[in-house]
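A.B. asks: build the 3D model from these lines:
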Amino acid sequence: MPTYGTFVRMGRRPVRERVDRGEQLLGLLRGRELWTAPELAEALGVSLRTVRRDLAALDARGVPLEAERGRGGGVRLSGAWGLGRVLLDEHELLDLVLALALAERLRSPLLLGHARAVRHKLAASFPPAQRRRLERVRRRVLVGEVASAAVRASWGEPRSSVVPVLHRAFLEQRALVLDYAPERGLPGRREVEPHYLLLNWPAWYLLVWDRERHAGRSLRLDRVRAASVAAADFTLRRAEELMADVGQFFGRV
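C.D. replies: Now for the predicted structure:
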């Protein structure tokens, strides 16, 4: 059976837009046996020409597509397609591996059966340099005790506008400029180095080095009102050094 790439050619669009729509297109193809190009175009809200280009882009990435000509024909995923071809970028893979490691550390009875094996297989999919980076990041996620009743009662979701900024600074080991609202006192600006993430369930904290106070601090993520990534990077400090100022107990993920 011919591949879809024999019928169409790929056009040019911004890479991020093409990748995002490509993932939506894959989701549609996984959900049904056979699609016509007009049906896919309508589902995605794009032109027929665009969906043909997107199908060609998937074919160029190695996604096995099959096309059937004539009345009742269409395009579908080959039966050879499976979970082994899930396409994730580096940050998404890091998130997934860390989530699995966290499930192990929390000893979740529903996830322990295969979590460690899956984490090792995902880590093995990285080139050696990225694998070492992943391991360094993984060791910077800490798990402590269950939060106190007062913390659990006051804990709120971190702001959606803040989370991607914290994520980037943490992974890239860059300083952060924060607008932070402490439990007591007035909100203020802080420039900090985000060395570790600490979970005292359900509350997440950043263990940071405060550049102005020259001391370790523990900042609740739900109290960060705004954040930006600074130009400066930093050398990682030992968790014990920061904990000496913070006074928390923890274990590594």
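
A.B. asks: name the SS class of residue 98, please.
C.D. replies: Reducing the assignment at residue 98 to three states with DSSP: H, G, I helix; E, B strand; the rest coil gives helix.

A.B. asks: distance of it from residue 139?
C.D. replies: Using CB to CB, to the nearest Å, we find residue 98 at a distance of 11 Å from residue 139. Glycine gets a C-beta too; all of them are placed from N, C-alpha and C.

A.B. asks: please say which of those two ends up with more neighbours.
C.D. replies: For residue 98 versus residue 139, the count of surrounding residues by other CB atoms under 10 Å is larger for residue 98: 18 against 14.

A.B. asks: the more buried one contacts residue 141, correct?
C.D. replies: Yes - look at residue 98 against residue 141 with CB atoms under 8 Å: they come within range, at 5.8 Å.

A.B. asks: any idea how far residue 120 is from the residue lying closest to residue 173 once chain neighbours are set aside?
C.D. replies: Spatially, and ignoring its direct neighbours in sequence, residue 173 is nearest to residue 233 (5.5 Å; CB to CB, 6 or more residues apart in numbering). To residue 120, residue 233 is 29 Å away according to CB to CB.

A.B. asks: and what of residue 135?
C.D. replies: Taking CB to CB as the criterion, residue 135 is separated from residue 120 by 11 Å.

A.B. asks: next: residue 130.
C.D. replies: Taking CB to CB as the measure, residue 130 and residue 120 are separated by 15 Å.

A.B. asks: for those two, indicate the residue with more neighbours.
C.D. replies: When residue 130 and residue 120 are compared on other CB under 10 Å, the one with more neighbours turns out to be residue 130, at 14 against 11.

A.B. asks: send the alpha carbons of the host helix or strand of that one over as CSV?
C.D. replies: Counting by DSSP states H and E, the secondary-structure element that holds residue 130 is helix 128-138. Presented in CSV, the C-alpha positions along helix 128-138 are these (Å, rounded to 0.1, in the frame of the first residue of the first chain):
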residue,chain,number,x,y,z
PRO,A,128,24.0,10.4,27.0
ALA,A,129,24.5,14.2,27.6
GLN,A,130,20.8,14.8,28.0
ARG,A,131,20.5,11.7,30.2
ARG,A,132,23.1,13.1,32.6
ARG,A,133,21.2,16.4,32.6
LEU,A,134,18.0,14.6,33.4
GLU,A,135,19.6,12.9,36.3
ARG,A,136,20.9,16.1,37.7
VAL,A,137,17.5,17.7,37.4
ARG,A,138,15.8,14.7,39.0
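
A.B. asks: quick check: next helix or strand after it?
C.D. replies: Per DSSP H and E, the first helix or strand lying C-terminal to helix 128-138 is strand 141-143.

A.B. asks: which elements pack onto that following strand?
C.D. replies: helix 90-106, strand 188-200, strand 251-252 (3 or more CB pairs under 8 Å, 6 or more residues apart in numbering; DSSP states H and E).

A.B. asks: at 10 Å what do you get?
C.D. replies: In terms of contacts (3 or more CB pairs under 10 Å, 6 or more residues apart in numbering; DSSP states H and E), strand 141-143 is packed against helix 90-106, strand 188-200, strand 203-210, strand 251-252.

A.B. asks: out of the ones you listed, which one sits most buried?
C.D. replies: Neighbour counts averaged per stretch over those are highest for strand 203-210, at a mean of 22; criterion: mean count of other CB atoms under 10 Å.

A.B. asks: in its sheet, what does that strand sit against?
C.D. replies: In the sheet containing strand 203-210, the strands it pairs with under DSSP bridges are strand 188-200 (antiparallel), strand 215-220 (antiparallel).
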